[in-house]
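**Q** A structural model of the following input is requested.
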Amino acid sequence: MSTFPATRLRRLRQTDWSRRLVQENVLTVNDLIWAVVVSDTADPTEPVAAMPGVERLGLNALAEAAKRAAQLGIPAMAIFPHIDPAKKDENGSEALNPKGLVPQAIRTIKEAAPNVGVICDVALDPFTTHGHDGILKDGVILNDDTVERLIQQALVQARAGCDVIAPSDMMDGRIGAIREALELEGFTDTMILSYAAKYASGFYGPYREAIGSGTVLQGDKKTYQMDPANTEEALREVAMDLDEGADMVMVKPGLPYLDIVQRVSSTFGVPTFAFQVSGEYAMIQAAAANGWIDGDRVMMESLMAFKRAGAAGIITYFAPRAAELMA
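**A** Residues are numbered from 1 along each chain as shown. Purely as a prediction, here's the structure:
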């Protein structure tokens, strides 16, 4: 390698045009998926205290958000439900309601913005009284019983017009079971985005407030979500989900797990997404509100970090603001 002064690396940094010319990674609006919380109690919106700038959206507000996504060029929206606590039970039965909030939300987005993709979370935690992603019995999450319920949840979403089924529950075998069920019902083009490497993280707290599961959660999710200390296990999870029929895979959380994003992307060469989760969002917003950081600058820098690590796209609550800045 050449040395100073023959090589002065600052030469390429001295002007805006030269920096742009040699930039290695580019973030565009095409990389963004807008995470939205839809609610059957919001009229038209309800603020989420732990996530400044994020609101629970009623269906009319969701329609306006979908139109905004289309205008900004955001490719897809990922919807997460907040339902009336009176509709919750131990088995998450409301998740299987074809007239429930999620099917209504899917149809609302499709009517308001037909060219915006709809990604739906498949898990029971927004619908259960205990806050877990699956069927709970005697303190244990039952894997196979949960998978049977997730199949039905996924089919309800597919029938309503969901483009991408996104199981986030971390039950073993659910991708293959859901793929088989989709094929049998003729949903051969419905995509599966697997939350393949989802960690038992402390960064989910604000989201649990947003969907109303935080105050009811019994215990923790360490028996089914991954240990934050593990890397090789993430590769095994991804490999299994791809073998079972996942089209795309997810790493969650995002910034604290960029090494996992990089390894998954480079190992498998498949579309690898990252989720900039609620805790990441809240920390940036809180620091910006206190004047400790430039919020927009740090937001854009954090999103670029995902691209640098190899992410094909990012699910983020920042999507509309980032899209506005890029426009």
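**Q** Give me the contact list for the helix or strand of the chain with the lowest mean pLDDT.
**A** Within the chain, no helix or strand scores below helix 205-211, which has a mean of 94 by mean pLDDT, DSSP states H and E. Helix 205-211 has contacts (C-beta atoms under 8 Å, 6 or more residues apart in numbering) with 37, 48-51, 54, 56, 80-82, 125-126, 131, 214, 217, 277-279, 281-282. C-beta: built from backbone N, CA, C; applies to glycine.
**Q** same question, stretch 290-302
**A** With C-beta under 8 Å, 6+ apart, stretch 290-302 has contacts from 27, 255, 276, 280, 284-285, 287-289, 318, 321-322, 325.
**Q** All the strands of the stretch 151-300 of the chain, residue numbers only.
**A** With strands called from DSSP state E, counting those that start in this stretch, the stretch 151-300 of the chain shows them at 164-167, 191-198, 248-252, 272-276.
**Q** could those strands go into JSON lines alongside distance to Ala210 and mean pLDDT?
**A** Formatted as JSON lines, the strands of the stretch 151-300 of the chain follow (distance: least, C-beta to C-beta, whole Å; pLDDT from 0 to 100):
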{"stretch": "strand 164-167", "distance to Ala210": "17", "mean pLDDT": "98"}
{"stretch": "strand 191-198", "distance to Ala210": "17", "mean pLDDT": "98"}
{"stretch": "strand 248-252", "distance to Ala210": "15", "mean pLDDT": "98"}
{"stretch": "strand 272-276", "distance to Ala210": "14", "mean pLDDT": "98"}
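**Q** in the least confident helix or strand of the chain, what counts as buried?
**A** Pro206, Tyr207, Arg208, Glu209, Ala210, Ile211 (16 or more other C-beta atoms under 10 Å).
**Q** Dump that helix to CSV, restricted to CA.
**A** Extracted in CSV, the C-alpha atoms of helix 205-211 (Å, rounded to 0.1, in the frame of the first residue of the first chain):
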residue,chain,number,x,y,z
GLY,A,205,-40.0,-1.6,25.5
PRO,A,206,-41.5,1.4,23.7
TYR,A,207,-43.1,-0.9,21.1
ARG,A,208,-44.8,-2.9,23.8
GLU,A,209,-46.3,0.3,25.1
ALA,A,210,-47.4,1.1,21.6
ILE,A,211,-49.3,-2.1,21.1
